[in-house]
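Engineer: sequence unavailable; structure follows:
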């Protein structure tokens, strides 16, 4: 059987045959058959995982993900045009707003000055120094919490007063000592209110 009977010499579609090459010692190498679709090892692309490909793709983009430079080239909207007005127009509008605010403040202060202040000293207003005092006191539980907090403040302030001389105190501590009497009055009012709630 010859080699032609086996079909080795016949070239199929897409196949190539490399001609025999000469070795340095002078002998010939066999002809090399290259099948269709064969890619030499040197020409094979290096494998890259999907995350690496995505990183390369993201690096090629300009700006953050989803950014489209064509959208930036749109004509300006009315709001953008107004914001880019001359600075003098903007400054004038700011000055006018400031004048309006100043006038409203003057009118409010004049109205407050016209109000009559009652001379009745029996009305005691709660202190506005703490956030808790400004909140309305509702249920008995809230009242109990507030009473406990005031007692603790009073106890700590009295301990501070006994422990150190007034010359050694910091400004914050002096403020606490000044508020001590107000806290005692507020505690008395709350205890009275608690007694009213428990009677009802």
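Structural biologist: Yep, that arrived. Values in this document were obtained by computation on a predicted structure and should not be read as measured data.
Engineer: alpha carbons only for contacts and neighbour counts from here, please
Structural biologist: Noted.
Engineer: pretty sure residue 67 sits in a helix.
Structural biologist: No: checked against DSSP: H, G, I helix; E, B strand; the rest coil, residue 67 lies outside a helix; its state is coil.
Engineer: what count of nearby residues applies to it?
Structural biologist: Look at residue 67: counted by other CA atoms under 10 Å, it has 11 neighbours.
Engineer: give me the domain ranges for the chain.
Structural biologist: Domains of the chain are assigned by automatic domain parsing as 80-113, 135-199.
Engineer: which one of these lies closest to residue 24?
Structural biologist: Of all the domains of the chain, domain 80-113 sits nearest to residue 24, with 77.7 Å by CA to CA.
Engineer: how close does the residue most central in space within the chain sit to residue 57?
Structural biologist: Among the residues of the chain, the one closest to the centroid is residue 64, at 18.2 Å (CA atoms, centre = their mean). Going from residue 64 to residue 57 by CA to CA, to the nearest Å gives 12 Å.
Engineer: check the average confidence over whichever strand or helix holds residue 154, would you?
Structural biologist: According to DSSP states H and E, residue 154 maps onto helix 140-163. Here helix 140-163 scores 89 as its mean pLDDT.
Engineer: now it: buried residues?
Structural biologist: In terms of neighbour count (16 or more other CA atoms under 10 Å), helix 140-163 has its buried residues at 143, 146-147, 150, 153-154, 157, 160-161.
Engineer: tabulate these (TSV), appending distance to residue 197.
Structural biologist: Shown next, in TSV, are these (distance: CA to CA, whole Å):
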residue	distance to residue 197
143	10
146	15
147	14
150	19
153	24
154	24
157	29
160	33
161	34
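Engineer: specify the local secondary structure of residue 17.
Structural biologist: The three-state label given to residue 17 by three-state DSSP is strand.
Engineer: for beta bridges, what are the partners of it?
Structural biologist: Note on residue 17: beta-bridge partners residue 33, judged by DSSP bridges.
Engineer: numbering from 617 from now on, please.
Structural biologist: Done: numbering now begins at 617, and the last item shifts to residue 633.
Engineer: surely it meets residue 647?
Structural biologist: Yes: between residue 633 and residue 647 a contact is recorded at 6.5 Å, counting by CA atoms under 8 Å.
Engineer: what do the two both touch?
Structural biologist: Shared contacts of residue 633 and residue 647, defined by CA atoms under 8 Å, 6 or more residues apart in numbering, are absent.
Engineer: off-centre distance for the helix or strand containing residue 721?
Structural biologist: Assigned by DSSP H and E, residue 721 falls within helix 703-730. Counting by CA atoms, centre = their mean, to the nearest Å, helix 703-730 is centred 34 Å from the centre of its parent chain.
Engineer: returning to that earlier point: most neighbours per residue, which of the domains of the chain?
Structural biologist: Among those, domain 751-815 has the highest mean neighbour count (mean count of other CA atoms under 10 Å), at a mean of 14.
Engineer: from the chain's centroid, how far away is that one?
Structural biologist: With CA atoms, centre = their mean, you get 38 Å for domain 751-815.
Engineer: cool, stretch 666-684 as well?
Structural biologist: Remark: stretch 666-684 is offset 25 Å from the chain centroid, using CA atoms, centre = their mean.
Engineer: all set, thanks.
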